[in-house]
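Trainee: pasting the structure only:
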């Protein structure tokens, strides 16, 4: 092991001394600013490193006394308030005071100077009171019997369990609140005018329902396919009706274009009378025969969300979608040198058939699906 030089040892000692001095000044500064709890923790750390530190020994007892007084004053202020949830704030204050107790007990030097107060029983009592308040609030809300109150009750029971796990029958009441608060949303089957597209429409709906379920938009909203809901005798709270309106699949347009092109090209060089080299040009020509086949598929989707309890329409909209398939190919007559780079790309190719109608249906409904999924997520996320 390499030995440290005298100069290096002196630097290390000086650095440690500076660190201890800074720590002491930091604790004293916190004390002077009235930040007594922070000062207590700083002094305790200092005494763990240097049990005889004069500043920490002198100021720790009063810093702890002041921190204790401030904490208990805040507790009393909360106890005098009309805030129903005050016991949670009381518990937090007691926890902060208990943190000082634990810190001092971890330092023999600090424990010789201060006999800290143990707040464990006070914390337990405050937690029990806080849990009872949450439980009572949840019970009151649940007894109202409506979905909005049930969802609020669910949150209250959850807060009670965070305070005291397994508190009374809170878990059971929480489950009751969830079952009452949940909204069962059934997505309708989609009827289309042509049986040929029914399978594609079913795929659209199946993918939509599956995606909505997987997104977990809102814990209180559950989505069902209408077929599943019927088989399980599920009564929906809301019904999403989907209907494709005025759609066209595979509308075909064929354009045939004849275009003459020409280009001046260099065919060689010659010398002028002065001996200079000059280019020889020739104009070359060709005729292009281009076929452009365009297949258009488009349509509208109407959707409506209805409250099944009162028949109220909660939301309605119409979403457009379209998809265009294009195929171009061509031939030419004449001199190939007359063709531009773009012209060459069109040459060759063949008259390939468009995708089958079922695929075209899925393509034009793809943008409709994206908009519909966003709309439904926004609507049910704010429930």
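Mentor: Great, that's in hand. Nothing here was measured: the structure is a model prediction, and the numbers come from that model. Numbering: from 1, shown residues only.

Trainee: how does this structure divide into domains?
Mentor: 24-118, 128-181, 186-381 (automatic domain parsing).

Trainee: distance between the longest one and the chain's centre?
Mentor: The one in question is domain 186-381. 29 Å (Cα atoms, centre = their mean, to the nearest Å).

Trainee: do stretch 136-151 as well
Mentor: 28 Å.

Trainee: could the domains of the chain be laid out in a markdown table, adding mean pLDDT?
Mentor: Output for the domains of the chain, formatted as a markdown table (pLDDT from 0 to 100):
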| stretch | mean pLDDT |
| --- | --- |
| domain 24-118 | 94 |
| domain 128-181 | 96 |
| domain 186-381 | 90 |
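
Trainee: For this protein, just list every one of the helices.
Mentor: In the chain, the segments counted as helices under DSSP state H are 6-32, 36-49, 54-80, 86-105, 108-113, 120-142, 147-163, 170-181, 198-215, 226-231, 341-346, 357-381.

Trainee: mind giving me JSON lines with the domains of the chain and columns for mean neighbour count?
Mentor: Yep, even glycine has a C-beta here, placed from its N, CA and C like the rest. Below are the domains of the chain laid out as JSON lines (neighbours: other Cβ atoms under 10 Å):
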{"stretch": "domain 24-118", "mean neighbour count": "18"}
{"stretch": "domain 128-181", "mean neighbour count": "18"}
{"stretch": "domain 186-381", "mean neighbour count": "15"}
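
Trainee: So which elements touch the strand ranked longest in the chain?
Mentor: Scanning the chain for the strand with the most residues, using DSSP state E, yields strand 238-271. Here strand 238-271 touches strand 183-187, strand 277-307, helix 357-381, going by 3 or more Cβ pairs under 8 Å, 6 or more residues apart in numbering; DSSP states H and E.

Trainee: how much does it deviate in direction from helix 198-215?
Mentor: Interaxial angle of strand 238-271 relative to helix 198-215 (axes from the mean of the first three to the mean of the last three Cα atoms, to 10 degrees): 100 degrees.

Trainee: ok, strand 238-271: who's next to it in the sheet?
Mentor: Paired with strand 238-271 in the same sheet, following DSSP bridges, are strand 183-187 (parallel), strand 277-307 (antiparallel).

Trainee: So what's the gap between the first one and the chain middle?
Mentor: Relative to its chain's centre, strand 183-187 lies at 23 Å (Cα atoms, centre = their mean).

Trainee: what do you get for stretch 27-44?
Mentor: Distance of stretch 27-44 from its chain centroid, counting by Cα atoms, centre = their mean, is 41 Å.

Trainee: distance between the ends of it?
Mentor: One end of stretch 27-44 to the other measures 10 Å (Cα to Cα, to the nearest Å).

Trainee: Dump the helices and strands packed on strand 238-271 into JSON lines; add distance to residue 333 as well.
Mentor: Shown next, in JSON lines, are the helices and strands packed on strand 238-271 (distance: least, Cβ to Cβ, whole Å):
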{"stretch": "strand 183-187", "distance to residue 333": "58"}
{"stretch": "strand 277-307", "distance to residue 333": "5"}
{"stretch": "helix 357-381", "distance to residue 333": "35"}
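
Trainee: Go through the ones you listed and name the closest to residue 113.
Mentor: Nearest to residue 113 among the helices and strands packed on strand 238-271 is helix 357-381 (55.9 Å), distances taken as Cβ to Cβ.

Trainee: angle of the closest one against strand 183-187?
Mentor: 160 degrees.

Trainee: Report the beta-bridge partners for the nearest residue to residue 314 once chain neighbours are set aside.
Mentor: With Cβ to Cβ, 6 or more residues apart in numbering as the criterion, residue 314 has its nearest non-adjacent residue at 4.5 Å, and that residue is residue 305. Counting by DSSP bridges, residue 305 forms beta bridges with residue 240, residue 315.

Trainee: okay but residue 305 is in contact with residue 239, surely?
Mentor: Yes: shown here, residue 305 and residue 239 form a contact pair, counting by Cβ atoms under 8 Å, at 7.3 Å.

Trainee: follow-up on the earlier one: quick one, which of the helices of the chain is nearest to residue 276?
Mentor: Comparison of these against residue 276 by Cβ to Cβ identifies helix 341-346 as nearest, at 31.7 Å.

Trainee: Now do that closest one: which elements does it pack against?
Mentor: strand 277-307, strand 313-334.

Trainee: For residue 40, find the nearest of these.
Mentor: Distance to residue 40, taken as Cβ to Cβ, is lowest for strand 313-334 among the helices and strands packed on helix 341-346, at 57.1 Å.

Trainee: helices or strands up against that closest one?
Mentor: Counting contacts by 3+ Cβ pairs under 8 Å, 6+ apart, strand 313-334 packs against strand 277-307, helix 341-346, helix 357-381.
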